[in-house]
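Q: just coords:
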């Protein structure tokens, strides 16, 4: 029996634990918070992040990091800002043959590094996979049809994870473009914020279609500049993840954007969501990367101005639609 640990007891961590507990795995769910771990133990659910989804009594709930050291596979499902500190907790402690599966999305804000760079830096001996795609924890937990992509520099590792974790309702594809898969996953949250702001201002479906389409162009532009394969952005971690995040109210980023579009300030909107809004940090990172690569990202730049410079969303959208005419 494979021993699987899940680092992160938020919505996605709990969803994975709930789903794969029904298979032949020995599962440990780790929380950085002793209080949260105890609440999940008592309630057998995370009432704040994923209410109504049972965390079976067979699943070991812990805040003791040593409980994960003997794992065969370790899922990384903490917010992007917590990836480095979490990996340092298991550095030189886990088995060298343990495989890391990263579902966290975003950049490290202080370095602009992808999460794969942090994994390679801290745990160079371990093989890893980036698992991404159009997937809401709420739907995975209910065993609704979902497609994902497992990306790894080692295709055999990606295929191994594909075979182990594909189910009757989760279909996993493989890819070797870890840069493109991660950039698509991170930047779609920014466009979802833009879509939410558009909704909050009642700008209509035509405007949202424009933002999604041109947003995908910006994601691809930045991705290619960072070394990604452009084809990746027409796949699950690009277009697929963009669609689900921009169109669903499960999306924290879209919901935060709606509040901003209705006039709330950024801090208030994010606070009201009550969970990590990854698009906030990703916007700053993408803005800084656009400066590094000297590329033009009009939508992302305007979202940066709204979030970090208190620009009036109405003025920001006016600027987008009054830019010089171009050939598509």
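A: Okay, I see it. On a predicted model such as this, the values are computed, not experimentally measured, just so you know.

Q: What residues does residue 246 make contact with?
A: By CB atoms under 8 Å, 6 or more residues apart in numbering, the contact list for residue 246 reads 188, 191, 192, 195, 208, 211, 212, 254. Backbone N, C-alpha and C define where each C-beta goes, glycine included.

Q: For residue 263, which non-adjacent residue is spatially closest?
A: Closest residue to residue 263 apart from its sequence neighbours, by CB to CB, 6 or more residues apart in numbering: residue 200 at 7.9 Å.

Q: quick one: the one you found and residue 117, what's the gap?
A: 35 Å (CB to CB, to the nearest Å).

Q: In terms of packing, which of these two has more residues around it?
A: residue 200 (21 against 16; other CB atoms under 10 Å).

Q: picking up where we left off before, surely the residue nearest to residue 263 and residue 254 touch.
A: No: applying CB atoms under 8 Å, one finds residue 200 not in contact with residue 254, separated by 9.8 Å.

Q: Let me see the contact set for the residue nearest to residue 263.
A: The contact partners of residue 200, by CB under 8 Å, 6+ apart, come to 257, 258, 259, 260, 261, 262, 263, 313.

Q: With residue 82 instead?
A: By CB under 8 Å, 6+ apart, the contact set of residue 82 is residue 32.

Q: do residue 129 as well
A: Applying CB under 8 Å, 6+ apart, we find residue 129 in contact with 99, 100, 101, 102, 150, 151, 152, 157, 158, 161.

Q: if I look at the first one, how far off is residue 165?
A: Distance, residue 99 to residue 165, by CB to CB: 11 Å.

Q: quick one: the spatially most central residue of the chain from residue 10, how far?
A: Taking CA atoms, centre = their mean, the centroid of the chain lies closest to residue 105, which sits 3.1 Å from it. From residue 105 over to residue 10 the distance is 12 Å, taken as CB to CB.

Q: Show me the helices in the protein, by range?
A: 11-20, 34-43, 83-90, 115-122, 137-141, 155-165, 178-200, 205-225, 241-247, 252-261, 266-273, 278-293, 298-309, 313-321 (DSSP state H).

Q: How many residues are close by residue 219?
A: 30.

Q: For it, which non-adjacent residue is closest in space?
A: Using CB to CB, 6+ apart, the closest residue to residue 219 is residue 187 (4.4 Å).

Q: Check the one you found and give its pLDDT.
A: You'll see residue 187 listed with a pLDDT of 97.

Q: now swap in residue 234 and tell me
A: pLDDT, read off for residue 234, is 97.

Q: check contacts around it.
A: Not one residue lies near residue 234 by CB under 8 Å, 6+ apart.

Q: So which of the helices of the chain has the densest surroundings on average?
A: helix 178-200 (a mean of 29; mean count of other CB atoms under 10 Å).

Q: Next up, the contacts around residue 10.
A: 46, 49, 50, 77, 78, 79, 137, 275, 276 are the contacts of residue 10 under CB under 8 Å, 6+ apart.

Q: ok, and the most crowded of those residues?
A: residue 77 (28 neighbours).

Q: how far away is that one from residue 198?
A: From residue 77 over to residue 198 (counting by CB to CB), the distance is 29 Å.

Q: Residue 99 too?
A: Residue 99 is 40 Å from residue 198, by CB to CB.

Q: before we move on, back to that, please name the nearest non-neighbouring residue to the residue nearest to the centre of the chain.
A: With CB to CB, 6+ apart as the criterion, residue 105 has its nearest non-adjacent residue at 4.2 Å, and that residue is residue 185.

Q: got the domain boundaries for this structure?
A: 2-176, 182-321 (automatic domain parsing).

Q: Take these and write them to JSON lines, including distance to residue 328.
A: As requested, the domains of the chain are exported to JSON lines (distance: least, CB to CB, whole Å):
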{"stretch": "domain 2-176", "distance to residue 328": "25"}
{"stretch": "domain 182-321", "distance to residue 328": "9"}
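
Q: can you tell me which of those domains comes nearest to residue 327?
A: Proximity to residue 327, assessed across the domains of the chain by CB to CB, is greatest for domain 182-321 (12.5 Å).

Q: Contact partners for residue 177?
A: By CB under 8 Å, 6+ apart, the contact list for residue 177 reads 151, 228, 229, 232.

Q: Can you report phi and psi for it?
A: phi -90, psi 80 (degrees, to the nearest 10).

Q: quick one: residue 146 from residue 15, how far?
A: According to CB to CB, residue 146 stands 10 Å off from residue 15.

Q: Oh, that last question was meant for residue 97, not what I typed.
A: 26 Å.

Q: ok, the nearest residue to residue 152 once chain neighbours are set aside - contacts?
A: Using CB to CB, 6+ apart and skipping the chain neighbours, the partner closest in space to residue 152 is residue 158 (4.0 Å). Shown in contact with residue 158 (CB under 8 Å, 6+ apart): 129, 150, 151, 152, 174, 175, 176.
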